[in-house]
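**Q** here is a sequence with its predicted model. Questions after.
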Protein chains: 2
Amino acid sequence: MVHTPIIILVEPQLAENIGAVARAMGNCNLNKLRLVKPRDGWPNQSAYAMASGADPILDYADVFSTLEHALADLNYVYATTARHREMVRLTYTPHAAARDMYNLTQNNQKIGIVFGPERTGLSNDHVSLCHATISVPLNPKFSSLNLAQAVLLVGYEWYQISHTTLEHELVTNKTSLAEHKEVLNFFIYLEKQLIDKGFLENQQKRSLMIRNIRNIFQRSNLTEQDVSTLYGIVKFLSEDKKQ
Amino acid sequence: MVHTPIIILVEPQLAENIGAVARAMGNCNLNKLRLVKPRDGWPNQSAYAMASGADPILDYADVFSTLEHALADLNYVYATTARHREMVRLTYTPHAAARDMYNLTQNNQKIGIVFGPERTGLSNDHVSLCHATISVPLNPKFSSLNLAQAVLLVGYEWYQISHTTLEHELVTNKTSLAEHKEVLNFFIYLEKQLIDKGFLENQQKRSLMIRNIRNIFQRSNLTEQDVSTLYGIVKFLSEDKKQ
């Protein structure tokens, strides 16, 4: 079964924008929408007024209290950002990302594309939960896109690629990419071990350091097997030496 | 002199939409706008309210009484349409049209891209004034795009072709990707710690396991900073717990 990418809106402010996003999704044959803490509550009639008939997308939207929960069952997640971050990350154009997504979905992976709140975009903490970043190359002197337009451009490239022939094959492995919750649990385990051992003692630097560490591993596209290997590494390293 | 394509709106109904078009044009570094018989008159404050600061595009918009007049000084003109017409015409995707436009502008040709009224789109008479047609490939069951979104998609493809962009780039900020020998030294250090702790005891599986572990980290494109972070992690985890 081929999954189409899931659009995830983090703390969208205006319900109208959620409706406009649903319309853009309908244009691009995307139909799975997740909402993390929509400001104006959900469901919301103002969203339907802007959806131009893409009502089923709104009817079936799932609501989550945190981004972590919204990502729990996904295998590979893209953060969309307008600006460069002080983080080491793989950044795609929508075109390159679409090619990538298409290969992943052909291999039965569940993909998410995360969009931040209208005014601020995604926080660095949100971004570091994702594997890679999508930035739309646009006029740097005038790059403000509204939410629905950002969704439309990413969805447009997805549509172009998913409705034509495959350009290149993905290297298929036996194991699947890990689900997000498995990776997150590993992060939490690793961070706990590090704190126990006194590694993250500087409180001010701790959250920055945790983000850097998460970024290192998110760039690896960890499989289930990899996560289990990493657990083994941390577990063995953490144990006191046998005498 | 290289001309950038001119956006021409035929009988736009809502001034707000003209403003949203100007914003989308700004995103794509297009700055020449022509209006044919805008329904709500021109200039119009409602347009400025939706332009998100793309005011100069509105300030310099030219108004015409007919499409023929608006096209008079242009060399090559595309009509944008949502549906197939009962006409034999050359029809481009936005991507193919952008490549074409780029070649034409490099040869000093003045290009126009014509968009119809919100509700009806261009009439067949309008279309037949143009040299070729652009149709955006989108979900045929849900292809209604608003005016600004149609301009955005065509402008986006123009921007991609006229501004060379890397398809994907690794944003590394201040630090460089680590030299291979630094990474290798880290691997050796990690593996020694693991062997000391009894993790890689099965000799037969050891080399396979080492390869898997190295693959995890090699996929991360480690920077110098990352390698130093990873040393820190392994060092702290390996130390016997403080009492």
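**A** Now that the structure is in, tell me what you want to look at.

**Q** so where's chain A uncertain?
**A** Across chain A, the stretches falling below the confidence threshold (pLDDT under 70) are A:1, A:83-89, A:164-175, A:241-243.

**Q** show me where it has its helices.
**A** Listed in chain order, the helices found in chain A under DSSP state H are A:15-27, A:45-49, A:55-59, A:67-71, A:94-106, A:124-127, A:147-162, A:180-196, A:203-218, A:224-238.

**Q** how far away is the spatially most central residue of chain A from chain B?
**A** Of all residues in chain A, the one closest to the mean position by Cα atoms, centre = their mean is A:Val77, 3.2 Å from it. Computed as Cβ to the nearest Cβ, to the nearest Å, the A:Val77 to chain B distance reads 16 Å. (C-beta placed from N, C-alpha, C; glycine too.)

**Q** now A:Pro94
**A** According to Cβ to the nearest Cβ, A:Pro94 stands 9 Å off from chain B.

**Q** A:Ser135 against A:Ala96, yeah?
**A** No. Counting by Cβ atoms under 8 Å, A:Ser135 sits too far from A:Ala96 to count as a contact (10.6 Å).

**Q** what number of residues lie near A:His163?
**A** In terms of burial, A:His163 registers 13 neighbours under the definition other Cβ atoms under 10 Å in any protein chain shown.

**Q** against B:Gly112, how distant is the residue nearest to it when sequence neighbours are not counted?
**A** Once its chain neighbours are removed from consideration, A:His163 has its nearest residue in B:Pro137; the separation is 6.9 Å (Cβ to Cβ, 6 or more residues apart in numbering or on different chains). When distance is defined by Cβ to Cβ, to the nearest Å, B:Pro137 is 22 Å away from B:Gly112.

**Q** show me which of the two is the more surrounded one.
**A** Between B:Pro137 and B:Gly112, counted using other Cβ under 10 Å, B:Gly112 has the larger neighbour count: 24 against 14.

**Q** the more buried one touches B:Thr80, doesn't it?
**A** No. Counting by Cβ under 8 Å, B:Thr80 is not a contact partner of B:Gly112; they are 10.8 Å apart.

**Q** picking up where we left off before, redo the helices of chain A as JSON lines? Include distance to B:Ala47 and mean neighbour count.
**A** Shown next, in JSON lines, are these (distance: least, Cβ to Cβ, whole Å; neighbours: other Cβ atoms under 10 Å in any protein chain shown):
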{"stretch": "helix A:15-27", "distance to B:Ala47": "19", "mean neighbour count": "26"}
{"stretch": "helix A:45-49", "distance to B:Ala47": "22", "mean neighbour count": "16"}
{"stretch": "helix A:55-59", "distance to B:Ala47": "29", "mean neighbour count": "17"}
{"stretch": "helix A:67-71", "distance to B:Ala47": "37", "mean neighbour count": "21"}
{"stretch": "helix A:94-106", "distance to B:Ala47": "28", "mean neighbour count": "22"}
{"stretch": "helix A:124-127", "distance to B:Ala47": "34", "mean neighbour count": "18"}
{"stretch": "helix A:147-162", "distance to B:Ala47": "17", "mean neighbour count": "24"}
{"stretch": "helix A:180-196", "distance to B:Ala47": "43", "mean neighbour count": "17"}
{"stretch": "helix A:203-218", "distance to B:Ala47": "42", "mean neighbour count": "17"}
{"stretch": "helix A:224-238", "distance to B:Ala47": "53", "mean neighbour count": "18"}
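
**Q** A:Val36: which of those helices is closest?
**A** When the helices of chain A are compared by Cβ to Cβ, helix A:67-71 sits nearest A:Val36, at 5.2 Å.

**Q** and that closest one, what does it pack onto?
**A** Applying 3 or more Cβ pairs under 8 Å, 6 or more residues apart in numbering or on different chains; DSSP states H and E, one finds that helix A:67-71 contacts strand A:6-10, strand A:32-36, strand A:111-115, helix A:180-196.

**Q** please redo it, this time with the cut-off set to 7 Å
**A** Under the contact criterion of 3 or more Cβ pairs under 7 Å, 6 or more residues apart in numbering or on different chains; DSSP states H and E, the helices and strands touching helix A:67-71 comprise strand A:32-36.

**Q** the strand it packs on pairs with which strands, parallel or anti?
**A** Strand A:32-36 has its sheet partners listed here by DSSP bridges as strand A:6-10 (parallel), strand A:62-64 (parallel).

**Q** and the angle for it with strand A:111-115?
**A** Interaxial angle of strand A:32-36 relative to strand A:111-115 (axes from the mean of the first three to the mean of the last three Cα atoms, to 10 degrees): 50 degrees.

**Q** give the buried residues for strand A:32-36.
**A** A:32-36 (16 or more other Cβ atoms under 10 Å in any protein chain shown).

**Q** output the residues you listed as JSON lines; include the columns distance to A:Met101.
**A** Supplementary listing: the buried residues of strand A:32-36 in JSON lines, determined by distance: Cβ to Cβ, whole Å:
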{"residue": "A:Lys32", "distance to A:Met101": "13"}
{"residue": "A:Leu33", "distance to A:Met101": "16"}
{"residue": "A:Arg34", "distance to A:Met101": "16"}
{"residue": "A:Leu35", "distance to A:Met101": "21"}
{"residue": "A:Val36", "distance to A:Met101": "20"}
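
**Q** with those in mind, which one is nearest to B:His3?
**A** The shortest gap between B:His3 and any of these belongs to A:Leu33, at 40.8 Å (Cβ to Cβ).

**Q** for that closest one, which non-adjacent residue is closest in space?
**A** Distances taken as Cβ to Cβ, 6+ apart place A:Ala61 nearest to A:Leu33, at 4.2 Å, with adjacent residues excluded.

**Q** do the same with A:Ala47
**A** Nearest in space to A:Ala47, with sequence neighbours left out and distances taken as Cβ to Cβ, 6+ apart, is A:Gly19 at 3.8 Å.
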